[in-house]
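**Student:** Sequence plus the predicted model coming up.
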Amino acid sequence: LEKPAYSVLFIPQHQLLVVGNSDGEFHVIDFHRKEEIKLIAHHQKGIFDFAFDAADNQLLVAGGDGFLSVWSLPGFQLVRNIPLCDQKLRQLSIDAAQNFVAVACGDGVVRVLDLVFYNETATIHAHDDGATSVAWHPKKPVLVTGGKDAHLKCWNVNDQFANVLSIPAHQFAIYSIVFDETGNYCASASRDKSIKIWDSTSFEPLLKIGPGAEAHSHSVNKLLWIGNQLVSCGDDRKICCFGISSEKG
């Protein structure tokens, strides 16, 4: 890549890898041939996240220019270009069962859009100074968000997204929220160089990872849970893989 990569997503249904860069372009790479087949220049600022809507075969792109763009696959035709705010869109999370996408926006609002007409069905004033992460709870009608205020918050989907929990989880912005495959555990990553593991029912803290020599020395920007392994990457240019066990100690 000629420019810094801000986001990446593998789409197994099409065997494609998409990579968003700092200038608002995204690369489309044929995974088998290991070569770029498209370079799409659409957004005016960096691309911070992707999400794939498998039901409609569409790619959602979160731009630093405040626009959410929607592309039909496999041809990558632009379907929609939706202005959401004047600041960057940081993270996307799709709830396939309810057909919603939640968008963490730099103006502090988390916007919930339907995946049919992309109407804004909920506007959650979630975090002062900016919303930076978002994830749907896999077992409960709850949306979990994180922000520059370092708080982890839960919102009740069945009660017009009323706030039901607010935790001062980290010291600085929370950049990633993920659940494990069982739905029993939630992990959060922060600019404070740490990762925390939470019980997904009570949101009691279970474990803190880092900062340190065996973890990250700089901001932790993204998490991915694969089986019982939690993968993280950060500003220290490291990828870390942690084996997470449910056994005490």
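**Tutor:** Arrived safely, thanks for sending.

**Student:** what sits up against stretch 203-219?
**Tutor:** 152, 154, 165, 167, 169, 172, 175, 185-186, 190-199, 220, 232, 234-236, 238, 240, 242, 244 (C-beta atoms under 8 Å, 6 or more residues apart in numbering). From N, CA and C alone the C-beta is placed, and that goes for glycine too.

**Student:** Among those residues, which ones are in strands?
**Tutor:** Using DSSP state E, 152, 154, 165, 167, 175, 185-186, 190, 195-199, 220, 232, 234, 240, 242 are the members of these that sit in strands.

**Student:** Narrow the residues you listed to those that are buried.
**Tutor:** 152, 154, 167, 175, 185-186, 190, 195-198, 220, 232, 234, 240, 242 (16 or more other C-beta atoms under 10 Å).

**Student:** which stretches of the protein have low pLDDT?
**Tutor:** 246-249 (pLDDT under 70).

**Student:** can we see that at 50?
**Tutor:** For the chain, the stretches with pLDDT under 50 are 248-249.

**Student:** Spatially central, which residue of it would that be?
**Tutor:** Taking C-alpha atoms, centre = their mean, the centroid of the chain lies closest to Q91, which sits 3.9 Å from it.

**Student:** residues contacting that residue?
**Tutor:** Neighbour list for Q91: F48, D49, A62, V103, A104, T132, S133, V134, S176 [criterion: C-beta under 8 Å, 6+ apart].

**Student:** would CSV of these with neighbour count and secondary structure be doable?
**Tutor:** Formatted as CSV, the contacts of Q91 follow (neighbours: other C-beta atoms under 10 Å; DSSP: H, G, I helix; E, B strand; the rest coil):
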residue, neighbour count, secondary structure
F48, 23, strand
D49, 26, strand
A62, 29, strand
V103, 25, strand
A104, 32, strand
T132, 29, strand
S133, 27, strand
V134, 28, strand
S176, 24, strand
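
**Student:** Closest one of the residues you listed to E25?
**Tutor:** F48 (13.1 Å; C-beta to C-beta).

**Student:** Assess the claim that the closest one and L9 are in contact.
**Tutor:** No: in this structure, F48 is not within contact of L9 by C-beta atoms under 8 Å, at 11.6 Å.

**Student:** joint contacts of these two?
**Tutor:** With C-beta under 8 Å, 6+ apart, F48 and L9 have no common neighbours.

**Student:** Burial check on N119, number of neighbours?
**Tutor:** 8 (other C-beta atoms under 10 Å).

**Student:** Likewise for the one 10 residues further on?
**Tutor:** Residues lying near D129 (other C-beta under 10 Å) number 12.

**Student:** residues in contact with the closest residue to it other than its chain neighbours?
**Tutor:** Distance criterion C-beta to C-beta, 6 or more residues apart in numbering; nearest residue to D129, sequence neighbours excluded, is K148 at 4.2 Å. Contact partners of K148, counting by C-beta under 8 Å, 6+ apart, are H127, D128, D129, G130, A131, T132, F172, A173.

**Student:** Now with 6 Å, please.
**Tutor:** D129, G130, A173 (C-beta atoms under 6 Å, 6 or more residues apart in numbering).

**Student:** Equivalent analysis for N57, please.
**Tutor:** Applying C-beta under 6 Å, 6+ apart to N57 gives the contacts L73.

**Student:** Tell me the spacing between D235 and L17.
**Tutor:** To L17, D235 is 22 Å away according to C-beta to C-beta, to the nearest Å.
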